[in-house]
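Enquirer: sequence-free structure coming up:
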């Protein structure tokens, strides 16, 4: 084990030396100020590193990560990080980024028990239940990919409706919230076209994004829209 950890320190030294050689004074400047334009809210999955994916250096993107990139209004960790990014660092863009092949989304989609994290993933499970008529008619592999996208859309709505973002917009601060998905198989980001940049954009953008996922046909006598409150934010974003 010590040899493994020693290798990490050696890798760190090589990285620091190469960075300083490529850009003399880099770490001195970095230590003096943190001034990112972007905040990344992503999954804790080790295969999804924000800086490398976006080609940004340390200090250029402020990062918050958790299992399945969930933002709920009872999570003071996420909200405190967003507040620091918005009010102190003055970021201009918040990107909520999911990724295909997410184990958390897969567990919520398939009803797989994983332990304590089941309580956290209940938020993703709720997304699946709300939009099941847009999911259940799809092949299993597509269900997971689409739920991954829907989860991002829901979390974008949650970020946009947070008091931090609403207050920023109220005082005229330039700030946009975006939803992306990262592909593990090709390394590419997909824009879900769910950008919200002012209070009156939240509901129409959210609604338009979900309409890209057709519902299954409703059989005769079946309840119309039951359990699928797409834009009722009391049951969707902000209602967790």
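Expert: Structure's in. What do you need? Small disclaimer: the values here were computed from a predicted structure and weren't measured.
Enquirer: I'd like the distance between the closest residue to residue 57 other than its chain neighbours and residue 137.
Expert: Among residues not flanking residue 57 along the chain, residue 51 sits closest, at 7.0 Å (Cβ to Cβ, 6 or more residues apart in numbering). In short, each C-beta sits where N, CA and C put it, glycine included. Distance from residue 51 to residue 137, counting by Cβ to Cβ, to the nearest Å: 39 Å.
Enquirer: and what of residue 193?
Expert: 23 Å.
Enquirer: And for residue 8?
Expert: 47 Å.
Enquirer: What residues sit buried inside stretch 192-206?
Expert: Neighbour counts over stretch 192-206 (16 or more other Cβ atoms under 10 Å) mark 192, 194-196, 202-203, 205-206 as buried.
Enquirer: got the end-to-end distance for it?
Expert: Stretch 192-206 has an end-to-end distance of 11 Å (criterion: Cα to Cα, to the nearest Å).
Enquirer: ok so, going back, chain center to the strand or helix carrying the residue nearest to residue 57: distance?
Expert: Element membership for residue 51, per DSSP states H and E: helix 50-54. For helix 50-54, the separation from the chain centroid amounts to 14 Å (computed by Cα atoms, centre = their mean, to the nearest Å).
Enquirer: start at 9 instead
Expert: Right, with 9 as the first residue, what we last looked at is helix 58-62.
Enquirer: who touches it?
Expert: With contacts defined as Cβ atoms under 8 Å, 6 or more residues apart in numbering, helix 58-62 is touched by 46, 48, 50, 64-66, 68-69, 71, 73, 105, 190, 195, 197.
Enquirer: repeat that with 10 Å
Expert: 46-50, 55, 64-73, 103, 105, 107, 188, 190, 195-197 (Cβ atoms under 10 Å, 6 or more residues apart in numbering).
Enquirer: Return the helix or strand in the protein with minimum mean pLDDT.
Expert: helix 34-40 (a mean of 89; mean pLDDT, DSSP states H and E).
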